[in-house]
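**Q** pasting the structure only:
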């Protein structure tokens, strides 16, 4: 992907995120007051939850005063009717998604994942991510064309490179699954909500071409802060930080020592439930002494309480072909709350 389309995509993202948000239309609420709502929370039967955000304003004032009409959310059912993007939200959910990835070196990959979250308590939860179908195609890479035995694996540790396999240049099957555990702390340092935890990647791939043959641990520290300046409620900044290292690996696979940063900006942009969720990833491989950047602007729509559809294109910033960085990605998924 050349630089011109990247620049155009970046300009589109900026224009979309800055120019599109606008206040919801007010509805007469009786007397001199109007009521507006943003992304109303609701149960499966459509009833509103106590923390539904409603704003009242006087029709006769040029500078209306806003008040929260609903309760404080003490009895809320976390996540039902929202977007499922806030890492502080431990509502059980299920999310199948498809992702296409093209690396700068020519490797192409198609994946179908089953993702879900289950809360063991209000403060402790687990997510699972299972690649039930994966297809990798390396026929367009220089390594395959020149008969080299392996090539870099693209922004994630594949220690020892990606084997060519039987020489066909393609392989299909299942990939490596992961489990991630979150614990929500009571800390309020710097005005942030803090979570600690860890992610574990298991070598479950059905073929060496499709996985890392490495059991990887990733201690995690996550910070979340609400963005009060945004004109719609529900905006937040989330900073997820991981350090990945190998616990066990097959012979021939490289050591893993890597920082992975995932930074999210949640921006509700329409009262009907449309939101923008740009993600920036920064990865530094200490073994390879190489850093890479990737940006993925997710756009989603709340279809009904507990039902969210999203699209997520993404692109690498100055990706390296020799290191296997990501050039272009596209993801599409559906979130369902139980």
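**A** That came through fine. Please read all numbers here as calculations on a predicted model, not as lab measurements. Numbering: from 1, shown residues only.

**Q** which strands and helices lie in contact with the helix or strand that contains residue 126?
**A** Remark: residue 126 resides in strand 124-137, with elements defined by DSSP states H and E. Contact here means 3 or more C-beta pairs under 8 Å, 6 or more residues apart in numbering; DSSP states H and E; on that basis strand 124-137 packs against strand 108-121, strand 170-173, strand 177-184. C-betas here are computed from N, CA, C, even on glycine.

**Q** what are the buried residues along the second one?
**A** Of the residues in strand 170-173, those with enough neighbours to count as buried (16 or more other C-beta atoms under 10 Å) are 171, 173.

**Q** that strand packs against which elements?
**A** So strand 170-173, by 3+ C-beta pairs under 8 Å, 6+ apart, packs with strand 124-137.

**Q** hmm, who's touching the strand it packs on?
**A** Residues outside strand 124-137 that contact it (C-beta atoms under 8 Å, 6 or more residues apart in numbering) are 90, 107-120, 162, 169-184, 205, 209-210.

**Q** for the buried ones among those residues, write the corresponding PyMOL selection.
**A** Command for PyMOL that selects the buried part of the contacts of strand 124-137, burial taken from 16+ other C-beta under 10 Å:
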select buried, resi 90+107+108+109+111+112+113+115+116+117+119+162+169+171+173+174+175+176+177+178+180+181+182+183+184+205+209+210
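
**Q** now the strand holding residue 126: buried residues?
**A** Residues 125, 127, 129-131, 134-137 are the ones in strand 124-137 that count as buried (16+ other C-beta under 10 Å).

**Q** now do stretch 240-258
**A** In stretch 240-258, counting by 16+ other C-beta under 10 Å, buried: 240-242, 244, 246, 249, 253-254, 256, 258.

**Q** then stretch 88-104?
**A** By neighbour count on 16+ other C-beta under 10 Å, the buried set for stretch 88-104 is 88-91, 93, 95, 97, 99-104.

**Q** show me which pair in the buried residues of stretch 240-258 is furthest apart.
**A** Spatial extent of the buried residues of stretch 240-258 (C-beta to C-beta) is set by the pair 240 and 253 at 25.3 Å.

**Q** rewinding a little: mind giving me TSV with the buried residues of stretch 240-258 and columns for pLDDT?
**A** Below are the buried residues of stretch 240-258 laid out as TSV (pLDDT from 0 to 100):
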residue	pLDDT
240	98
241	98
242	98
244	97
246	95
249	90
253	84
254	85
256	94
258	96
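
**Q** so which of those residues comes closest to residue 267?
**A** For the buried residues of stretch 240-258, the residue nearest residue 267 by C-beta to C-beta is residue 240; the value is 17.4 Å.

**Q** so where does the closest one fall, helix or strand?
**A** strand 236-249.

**Q** and that strand, what does it pack against?
**A** strand 214-226, strand 257-270.

**Q** can you name the element that comes right after the longest one?
**A** Following the chain from strand 257-270 toward its C-terminal end, the next helix or strand by DSSP H and E is strand 274-285.

**Q** quick one: mean pLDDT for whichever helix or strand comes after that next one?
**A** The element immediately downstream of strand 274-285 (helix or strand, assigned by DSSP H and E) is strand 290-304. Across strand 290-304, pLDDT averages out at 95.

**Q** any buried residues in strand 290-304, and which?
**A** Applying 16+ other C-beta under 10 Å to strand 290-304 flags 290, 292-300, 302 as buried.

**Q** and the angle from it to strand 257-270?
**A** On the basis of axes from the mean of the first three to the mean of the last three C-alpha atoms, to 10 degrees, strand 290-304 is oriented at 30 degrees to strand 257-270.

**Q** give me the mean pLDDT for the strand or helix carrying residue 196.
**A** Using DSSP H and E, residue 196 sits within strand 193-202. Averaged across strand 193-202, pLDDT comes to 97.

**Q** and it, what does it pack onto?
**A** strand 177-184, strand 214-226.

**Q** save those as TSV, and put in distance to residue 190 and mean pLDDT too.
**A** Shown next, in TSV, are the helices and strands packed on strand 193-202 (distance: least, C-beta to C-beta, whole Å; pLDDT from 0 to 100):
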stretch	distance to residue 190	mean pLDDT
strand 177-184	16	97
strand 214-226	8	97
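
**Q** can you redo those strands as CSV with distance to residue 311?
**A** Converted to CSV, the helices and strands packed on strand 193-202 look like this (distance: least, C-beta to C-beta, whole Å):
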stretch, distance to residue 311
strand 177-184, 23
strand 214-226, 23
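
**Q** sorry, back to before: and which of the buried residues of stretch 240-258 is nearest to residue 268?
**A** Of all those, residue 240 has the smallest distance to residue 268: 20.2 Å, by C-beta to C-beta.

**Q** tell me who's in contact with that closest one.
**A** Counting by C-beta under 8 Å, 6+ apart, residue 240 makes contact with 87, 220, 222, 261-264.

**Q** what about burial for those residues, which qualify?
**A** Listed as buried from the contacts of residue 240 are 87, 220, 222, 262, 264; burial here means 16+ other C-beta under 10 Å.

**Q** list the contacts of the closest residue to the last one other than its chain neighbours.
**A** When you say that, I think you mean residue 264. The shortest distance from residue 264 to any non-neighbouring residue, by C-beta to C-beta, 6 or more residues apart in numbering, is to residue 238 (4.3 Å). Taking C-beta under 8 Å, 6+ apart, we find residue 238 in contact with 86-87, 222-224, 263-264, 266.
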